[in-house]
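A.B. asks: kindly generate the corresponding structure for this input.
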Amino acid sequence: QLQLVESGGGLVQPGGSLRLSCAASGFTLDYYAIGWFRQAPGKEREGVSCISSSGGSTNYADSVKGRFTISRDNAKNTVYLQMNSLKPEDTAVYYCAAGRYCSGAAARGNNYWGQGTQVTVSS
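C.D. replies: Numbering: from 1, shown residues only. I've put the predicted structure just below:
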């Protein structure tokens, strides 16, 4: 079965850190741009960060620039999102998607989506 599985979400205090993982099964991520998206209650889904298939290009939404870092380990078929200095407004369900290319902080032409992982930033 071809799928992406996110993990690493949870409850964290403001200022804390989490690392999200996006693991692929049934296919290789090598040829895909990978994007992280998030959707908060009552809000539209937004692109958070995107990394090119080679890993040589990364993009971030202005709201997370300097705090989040996207990376990939093609040998492990996994993409990561390191989130530092978390704020309450980062609270959302985070999804990863495998697409054809990055357009800013969003992956486009997405062939696969994960089921999402909840991130809650609260004291």
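
A.B. asks: what about the residue sitting nearest the centre point of the chain, which helix or strand?
C.D. replies: Nearest to the geometric centre of the chain sits residue 36, at 2.6 Å (C-alpha atoms, centre = their mean). Using DSSP states H and E, residue 36 sits within strand 33-39.

A.B. asks: for residue 24, see how far away residue 55 is.
C.D. replies: 15 Å (C-beta to C-beta, to the nearest Å). (Each C-beta comes from the backbone N, C-alpha and C, glycine too.)

A.B. asks: actually residue 3, sorry about that
C.D. replies: Applying C-beta to C-beta to residue 3 and residue 24 gives a distance of 7 Å.

A.B. asks: more neighbours: the two, which one.
C.D. replies: Neighbours per residue, other C-beta atoms under 10 Å: of residue 3 and residue 24, the larger number sits with residue 24, 23 against 13.

A.B. asks: that one: what's its closest spatial neighbour, skipping adjacent residues?
C.D. replies: residue 77 (4.9 Å; C-beta to C-beta, 6 or more residues apart in numbering).

A.B. asks: same deal with residue 93?
C.D. replies: Using C-beta to C-beta, 6+ apart, the nearest residue to residue 93 is residue 116, at 4.3 Å.

A.B. asks: isn't the one you found up against residue 45?
C.D. replies: No. Contact criterion C-beta atoms under 8 Å: residue 116 and residue 45 do not qualify, at 10.1 Å.
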